[in-house]
Structure formats: C-alpha cells, structure tokens
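Peer 1: Provided below for reference: sequence and predicted model.
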Amino acid sequence: MELNAVTIGFAVFTIFTLGGGFGVVTTRNLFQGTIWLMVSLFGVAGYFILLSAPFLAAVQILVYIGAIAILITFAVMLTRSVTRIKARYVRLIPSFIGSLVLFLILLLGITIPIFGGQLPESAPEYVATTRELGTALVDENGFVVPFMLASVLLTAAMIGAIFIARDENA
Amino acid sequence: MAPLWMYLAVAAALFSLGVFGVLSRRNAVAILMSVELMLNAVNINLVAFWRYSETGTDLLLNGYAFTAFVLIVAAAEAAVGLAIIITVYRNRRSVIPEQAVALKG
C-alpha cells in the first residue's frame, strides 16, 4: 500500500479512534473519560470522511461530540461519580478474556472468508451524494416512514427523559 | 483507498473495547460511554460496507440512511439512559448498577 494522504489519514484516525476508546475504558477520572470519548468519536467522523460520507461526519461531530458528549459531561458532574467510586472494575479478568476472544473471532471472520464471498479490495467509483440522501429521506419509495418514526422516537425520548429526570419534590 | 478489511478490523477492535467496558466498568456513566463506542463501531461497519458494495440503484442509499437512523437512536438512548442514571443517583446516592436492586425478586 503506497503512502498517500488517505493512508496517512487512515492511520491518524485509527490512532484517534482506538486510543480514545482505550482511554474511555481505562481512565479512572470519568471527566477525562468523556474527553477520550470525544477523541474517539472524532476519529470515527474522520473515517466517515474517508468513506466519502461527509454528511454523516458532520452529523457525527454535531450530535455525538456536540450533544451526547456534553450530556455525559453533565451526568458525570451531577452524579459526583469522580470522587465517590474507588474501584474502577468488577469482573476484570473474565471481561478482558471475553472481549479478547470476541475480537479474535471477529478478526478471524474478517480475514478468512468463512461465510463465503471475498471482501472487495477497492470501492466503486460512483458514490451517492448528500443531495440524493436528502431526496431519499422524503421519498415515498425511500425512507419517509422510518424518517417520520425517527422524529416520533426523538420526541418520545425527549419527553421521557424530562419526565424521568424530573425531581418530584421540587 | 484502504481495503475494506482494515475498516472492519478497526470496527471489531472498537466494538471489543466497548464490550470490555460494558462488562467490567463499575460506574453506570462509564458503561453508557462504552455502549456509545459499540454503536460507533457498528456505524463504521455500516458505512464501510455501503461504500464498498456494488449495488443497483435500489440499494444505493441503504447503508448511508441506516447509519443516520442509528445516530438518531443513539441520541435517544443517551438522553433516556442519562436521565435514568440521574434519577437512580438521586434516590439511592449511587451510580453503581449492582446497587440498584429495588426490582430484584
């Protein structure tokens, strides 16, 4: 594989994604863990750029880093969990072995075509654009029903979150 | 472009990190963060398979749109999950899932 911009970008985003994920599952301070989560999500957004899905990369930055990570930061601060919990892990050894076995099985399934078929080496030239995605989302032969269900789900989740987190004594 | 198996390998590693975090962390907020890692690994897989697949016009946008819906569900899940964690903390002064045993038979 020759050294070009895409290869360098892939290496950098891999370091971001996996390094951030490693920080999330190992750090003691949960506030730092949120920062690591942001690093990891940024790496995933970079993958979306490399996979020619710029709209998803923008949504990833806006929704994940802009909203979900901030929400988790609020939860960390509201629960004061940084100082109260001393032990980080339960079931450390079985969890480690289990996830390692899972990773090896997945890697085996990727590298050896057990399930038949060969993984493509190169991507097709033509790729759908964001304009086509927008059209398909409101097309009645496309995704208009899941699109509307998603908006109902978001509204229900928002009302439910407000209702659950409401302080009844206040 | 990088071949497809490299994206799949990175997604497998990220998913395994998330599984490890969900199984082993004590803090409920950390467990939720690990779930987000797993969701992102799935998203990488979906977009990578979408990009590398040779499909007709019918399936042109399936992976792309499905990833957008996964993002929406992840946002809803994070909002409701954090609200539950905050309520449990308010009632029991704890964010350790093993100590939320009020519904245990």
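Peer 2: On my side now, so go ahead. Keep in mind the model is a prediction, meaning the values are calculated, not measured.

Peer 1: Identify the residues contacting the helix or strand hosting A:Leu154?
Peer 2: For A:Leu154, the host element (DSSP states H and E) is helix A:144-165. For helix A:144-165, the surrounding residues in contact (Cβ atoms under 8 Å, 6 or more residues apart in numbering or on different chains) are A:137-138, B:65, B:69, B:72-73, B:75-77, B:79-80, B:82-84, B:86-87. Heads up, the C-betas are built off the backbone N, CA and C, glycines and all.

Peer 1: Now do the contacts for A:Val90.
Peer 2: Taking Cβ under 8 Å, 6+ apart, we find A:Val90 in contact with B:24-26, B:98.

Peer 1: how much space between the residue nearest the centre of chain B and chain A?
Peer 2: Chain B has B:Leu39 as the residue nearest its centroid, 2.4 Å off, counting by Cα atoms, centre = their mean. Computed as Cβ to the nearest Cβ, to the nearest Å, the B:Leu39 to chain A distance reads 9 Å.

Peer 1: so who does B:Tyr52 touch?
Peer 2: B:Tyr52 makes contacts with A:119-120, A:122-124, B:4, as judged by Cβ under 8 Å, 6+ apart.

Peer 1: try 7 Å
Peer 2: Contacts for B:Tyr52 (Cβ atoms under 7 Å, 6 or more residues apart in numbering or on different chains) come out as A:120, A:123, B:4.

Peer 1: do B:Leu60 as well
Peer 2: Taking Cβ under 7 Å, 6+ apart, we find B:Leu60 in contact with A:Ala128.

Peer 1: cutoff 10 Å now
Peer 2: A:126-128, A:132-133, A:136, A:142, B:50, B:53 (Cβ atoms under 10 Å, 6 or more residues apart in numbering or on different chains).

Peer 1: And A:Val127, by the same measure?
Peer 2: Contact analysis of A:Val127 by Cβ under 10 Å, 6+ apart lists A:51-53, B:50-51, B:60, B:64.

Peer 1: which one in these is the model shakiest on?
Peer 2: Confidence by pLDDT is poorest for B:Leu60 among the contacts of A:Val127, given 75.

Peer 1: Check the gap between that residue and A:Ala136 for me.
Peer 2: Distance of B:Leu60 to A:Ala136, given as Cβ to Cβ, to the nearest Å: 8 Å.

Peer 1: Domains in chain A, by residue range?
Peer 2: Domain ranges of chain A: A:5-89, A:128-170, per automatic domain parsing.

Peer 1: Packed most tightly, which of those would that be?
Peer 2: Mean neighbour count (mean count of other Cβ atoms under 10 Å in any protein chain shown) peaks for domain A:5-89 among the domains of chain A, with a mean of 19.

Peer 1: can you give me how far the helix holding A:Leu154 is from the chain middle?
Peer 2: On the basis of Cα atoms, centre = their mean, to the nearest Å, helix A:144-165 sits 20 Å off its chain's mean C-alpha point.

Peer 1: angle of whichever helix in chain B runs longest against helix A:144-165?
Peer 2: Longest among the helix segments of chain B by residue count, using DSSP state H, is helix B:62-92. Orientation note: helix B:62-92 sits at an angle of 10 degrees relative to helix A:144-165 (axes from the mean of the first three to the mean of the last three Cα atoms, to 10 degrees).
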